[in-house]
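>>> Generate coordinates for the sequence data below:
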Amino acid sequence: MPVKNDAQLTLADLPYRLADKFPRPAAINRCLENEIQELSSRQFYEKVRDLSLALTEAGLAPGDRVGLISDSRPEWTIADLAVISAGGVTVPIYPTQSADQVEYILKQTEAVLAIVSNPTQAQKVRGVRQGLPALKGVVLMEGDRRIDGLAVTLFDELVARGSALVAADPAADSRYREQAAAIPREALATIVYTSGTTGEPKGVMLSHANVMSNVLASAEVLAAYPEDVALTFLPLSHVYERMVVYRYLWTGMTICYAESLTTVARDLMRVRPTIMAAVPRVFEKVHAAIREKIAEGPAIRRALFEWGVGVGGRCARAKLDGRTPGLADRLQLPLADVLVLKKVRARLGGRFRFIASGSAPLGRHVAEFFFALGVTIVEGYGLTETSPVLSSNRLDRVKIGTVGLPLPGVELRIGDYGEILARGPNVMSGYYKRPDLSAEVLKDGWFYTGDIGEIDADGFLTITDRRKDIIVTSGGKKVAPQPLENTLKAEPLVAEAVIIGEQRRFPAVLIVPAFGALDAKARELGLAGLAREQLLAHPKIQALYQEALDRLNAKLAQFERIKRFALLPNEFTMERGELTPTMKVRRKVVEDRWKPVIDTLYEARAATA
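Next up is the predicted model:
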């Protein structure tokens, strides 16, 4: 079999490249409650190979679509690469999606098989089985196979079947490799449905060349090494974390899958990663949790923390600006690190070289806080349609507040209305079975992102908003909500903020309080013990949030000023549909759910507000 260079690789080449080039006893691991399960690079390759051979024997043909409905775990990646290396096309589906959404995606793609994590997901498929004429069966990763009305095969049984094929015919391994190596780079690898902050999800068609170009370009700008250890916990159904895991495999580093989103804090301490990808909401929660913990401590501890973070912050800002920190800060930094910063980093594992942030804007105050601790956050930007990364800050060139420079091979320019246009090998071929929607965003070789941004003199891109999110008041004034929301979220008492006002007289805002910080403030004000609804309605608490709005409004034009606000009693959740699986706010869902509250903000008594 001829040896390929990196530019010729497809996703199907990754499993045997890992086994051949980076042999190690614990390459692909998973955190569980009482142990860390380990797979060697050879074992990982063999599981992918064996499952792929078994699927081919069962009738999976090149180009067949296979649904993949599972939480993030090693089996997700094994199934994904097994299907891809058999010439199939994987269709990831978030396990949090409803049965109706599962039916829509499996039906539109005419999936012949669904690989699911557990009986709950299998029952979801069973409930819509009648509407899926192309579906031949379900593969179950764990649990009881006995599900009435559904042809179920166990994941481990298929792997064992493939292993038996290799044992009976040693040439089977060579045939597998040759089949995988023969897959064209332009072949369709996956159809990824957008998580849908607005509108109906669309199936994004990505080829091997699309995704591998992003893997290689990312490797050029963010150096990683086989010695690195990565923790992965974001949904693999989203192309961001999926591409990142491909990048980890290509680099040959150790990958550890967190048990779940709720165990990340525990798993950070156990794995002690050097690299990780995350979304802004994760950083915001960590930032809030640290601040809340410090606020509960004695005054001397709070003062020591603020001193240490202050020293770290000034030194970090000087370094980012290409300056030498002042003498006093240089002298104090080693002590600040020992007494404060190193201890906080230890709660994150203590070994990070960098963390990549994407999928949504990262607040400047949060980024600066982590840099002050000595943790480098590299913010980037991209979309499902671009495999996904378009731009990224570099480890040696970071501009906080920007999403960095274009990746190698990617071109960016600003079009009409400030819209960001992109061109490059990572741009999708179009939306599955929707040439009409494809034509709307793919024009003259450019992809129209729908995001609004600016490119500065140094080439760094800043995202200012989404075109679809721009609010037009009844007076015709246009308000960009994201900058206002991000400013509000910098307030210690604010967890989420959603600006509203489309075709209304003025902008208003729905605020989800940072309940930990709010409870601490309530104790200070002598309001401990009040029920949440009573607390949020209390004049002293209302005054705190009004002060935060006043600080924002002082910087705004008259038409942008937020005249009214409502404090919501619950955090947004994925289960209620208010957040996408990557924790971005779905504005339409939020506005629909809280419509009665919104209506009260615009009652006649608010007209003069």
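>>> With adjacent residues omitted, what lies nearest to residue 502?
Residue nearest to residue 502 in three dimensions, not counting chain neighbours: residue 471, with 5.1 Å by C-beta to C-beta, 6 or more residues apart in numbering. For glycine as for every other residue, the C-beta is placed from the backbone atoms N, C-alpha and C.
>>> Just the element for the nearest residue to residue 242 once chain neighbours are set aside, please.
Leaving out its chain neighbours, the residue that sits closest to residue 242 by C-beta to C-beta, 6+ apart is residue 236, at 5.0 Å. Here residue 236 is covered by no helix or strand, with elements defined by DSSP states H and E.
>>> With the one 4 residues further on instead?
Here residue 240 sits within helix 239-251, counting by DSSP H and E.
>>> Show me what that helix is packed against.
Counting contacts by 3 or more C-beta pairs under 8 Å, 6 or more residues apart in numbering; DSSP states H and E, helix 239-251 is packed against helix 14-21, helix 74-85, helix 208-221, strand 229-232, strand 254-257, strand 275-278.
>>> Can you pull the domain assignment for this structure?
Annotated domains of the chain cover 6-183+222-274, 278-350+352-467, 470-606 [automatic domain parsing].
>>> now the shortest one, how far from the centre of its chain.
When C-alpha coordinates are averaged (C-alpha atoms, centre = their mean, to the nearest Å), domain 470-606 and its chain have centres 24 Å apart.
>>> Equivalent analysis for stretch 410-425, please.
22 Å.
>>> Which residues outside that stretch are in contact with it?
For stretch 410-425, the external contacting residues (C-beta atoms under 8 Å, 6 or more residues apart in numbering) are 209-210, 213, 217, 386, 390-391, 406-407, 409, 426, 445-455, 461, 463-464, 467.
>>> Show only the entries of these found in helices.
209, 210, 213, 217 (DSSP state H).
>>> how many other residues sit next to the last one?
The burial metric for residue 217, expressed as a neighbour count using other C-beta atoms under 10 Å, is 23.
>>> With the second one instead?
With neighbours defined by other C-beta under 10 Å, the count for residue 210 comes to 27.
>>> so residue 71, which of the three states?
coil (DSSP: H, G, I helix; E, B strand; the rest coil).
>>> Now do it: how many residues are near it, please.
Residue 71: 21 neighbours (other C-beta under 10 Å).
>>> give the contact list for it.
Counting by C-beta under 8 Å, 6+ apart, residue 71 has contacts 95, 117, 235, 260.
>>> How about residue 36?
29, 30, 256, 270, 271.
>>> what's the answer for residue 442, then?
With C-beta under 8 Å, 6+ apart, residue 442 has these contacts: 427, 430, 448.
>>> ok, back up a step: got the helices and strands packed on helix 239-251 as TSV, with mean pLDDT columns?
Below are the helices and strands packed on helix 239-251 laid out as TSV (pLDDT from 0 to 100):
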stretch	mean pLDDT
helix 14-21	95
helix 74-85	98
helix 208-221	96
strand 229-232	97
strand 254-257	98
strand 275-278	96
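>>> Would you tell me which helix is longest in the protein?
Longest among the helix segments of the chain by residue count, using DSSP H, is helix 299-320.
>>> Could you export the contacts of residue 71 as a markdown table, including distance to residue 5, neighbour count and pLDDT?
Supplementary listing: those in a markdown table, determined by distance: C-beta to C-beta, whole Å; neighbours: other C-beta atoms under 10 Å; pLDDT from 0 to 100:
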| residue | distance to residue 5 | neighbour count | pLDDT |
| --- | --- | --- | --- |
| 95 | 37 | 19 | 92 |
| 117 | 36 | 22 | 95 |
| 235 | 32 | 25 | 92 |
| 260 | 39 | 13 | 91 |
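>>> just those residues now: which is nearest residue 57?
Using C-beta to C-beta, residue 117 is the member of the contacts of residue 71 that sits closest to residue 57, with 23.1 Å.
>>> so that closest one touches residue 142, yeah?
Yes. Taking C-beta atoms under 8 Å as the definition, residue 117 is a contact partner of residue 142 at 6.8 Å.
>>> And the longest helix of the chain, what does it pack against?
Going by 3+ C-beta pairs under 8 Å, 6+ apart, helix 299-320 lies up against helix 280-295, helix 327-336, helix 364-373.
>>> Now that helix: average pLDDT?
The average pLDDT within helix 299-320 is 94.
>>> same question, stretch 512-520
The model assigns stretch 512-520 a mean pLDDT of 90.
>>> partner residues bridging residue 566?
For residue 566, the beta-bridge partners are residue 510 (DSSP bridges).
>>> any idea of the pLDDT on it?
Residue 566 is given a pLDDT of 93.
>>> Can you get me a residue count around it?
For residue 566, using other C-beta under 10 Å, the count is 17.
>>> May I ask which two of the contacts of residue 36 are separated the most?
Maximum distance among these (C-beta to C-beta): 11.3 Å, for 30 and 270.
>>> Looking at those two, which is more packed in?
residue 30 (20 against 16).
>>> counting contacts, what elements does the helix or strand where the more buried one lies pack onto?
Here residue 30, judged by DSSP H and E, is contained in strand 28-31. Applying 3+ C-beta pairs under 8 Å, 6+ apart, one finds that strand 28-31 contacts strand 36-39, helix 41-57, helix 74-85, strand 254-257, helix 264-271.
>>> longest strand in this structure, by residue count?
As assigned by DSSP state E, the longest strand anywhere in the chain is strand 446-455.
>>> list the contacts for residue 273?
229, 230, 231, 256, 349, 351, 352.
>>> excluding its backbone neighbours, what's nearest it?
Nearest non-adjacent residue to residue 273 (C-beta to C-beta, 6+ apart): residue 231, at 4.1 Å.
>>> right, and the one you found touches residue 276 too?
Yes. Here residue 231 lies in contact with residue 276, judged by C-beta under 8 Å, at a distance of 5.0 Å.
>>> what's the helix or strand harbouring residue 108 packed up against?
Secondary structure from DSSP H and E places residue 108 in helix 99-109. Packed against helix 99-109, as judged by 3+ C-beta pairs under 8 Å, 6+ apart, are the following elements: strand 65-69, strand 89-93, helix 119-127, strand 203-207.
>>> so which of these is the most packed in?
Among the helices and strands packed on helix 99-109, strand 65-69 has the highest mean neighbour count (mean count of other C-beta atoms under 10 Å), at a mean of 26.
>>> Residues contacting that one, please?
For strand 65-69, using C-beta under 8 Å, 6+ apart, the contacting residues are 55, 60, 76, 79-80, 83, 88-95, 97, 102, 105-106, 109-117, 121, 124-125, 191, 237.
>>> what residues are up against residue 566?
Counted by C-beta under 8 Å, 6+ apart, residue 566 has contacts 508, 509, 510, 511, 594, 597, 598, 600, 601.
>>> Give me the phi and psi for the fifth one.
What it means is residue 594. phi -100, psi 30 (degrees, to the nearest 10).
>>> quick one: pLDDT of it?
Reading off the confidence values, residue 594 has pLDDT 90.
>>> Now do the contacts for it.
Contact analysis of residue 594 by C-beta under 8 Å, 6+ apart lists 510, 566, 568.
>>> Relative to residue 320, which of those residues is nearest.
Within the contacts of residue 594, the smallest distance to residue 320 is 33.7 Å, found for residue 510 (C-beta to C-beta).
>>> Any figure for the gap between the closest one and residue 252?
To residue 252, residue 510 is 46 Å away according to C-beta to C-beta, to the nearest Å.
>>> what's the neighbour count on residue 364?
13.
>>> pretty sure it is touching residue 401, no?
Yes. Taking contacts as C-beta under 8 Å, residue 364 lies within contact range of residue 401: 5.1 Å.
>>> can you put the helices and strands packed on helix 239-251 in JSON lines and add distance to residue 547?
What follows is the helices and strands packed on helix 239-251, written out as JSON lines (distance: least, C-beta to C-beta, whole Å):
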{"stretch": "helix 14-21", "distance to residue 547": "53"}
{"stretch": "helix 74-85", "distance to residue 547": "46"}
{"stretch": "helix 208-221", "distance to residue 547": "42"}
{"stretch": "strand 229-232", "distance to residue 547": "39"}
{"stretch": "strand 254-257", "distance to residue 547": "43"}
{"stretch": "strand 275-278", "distance to residue 547": "31"}
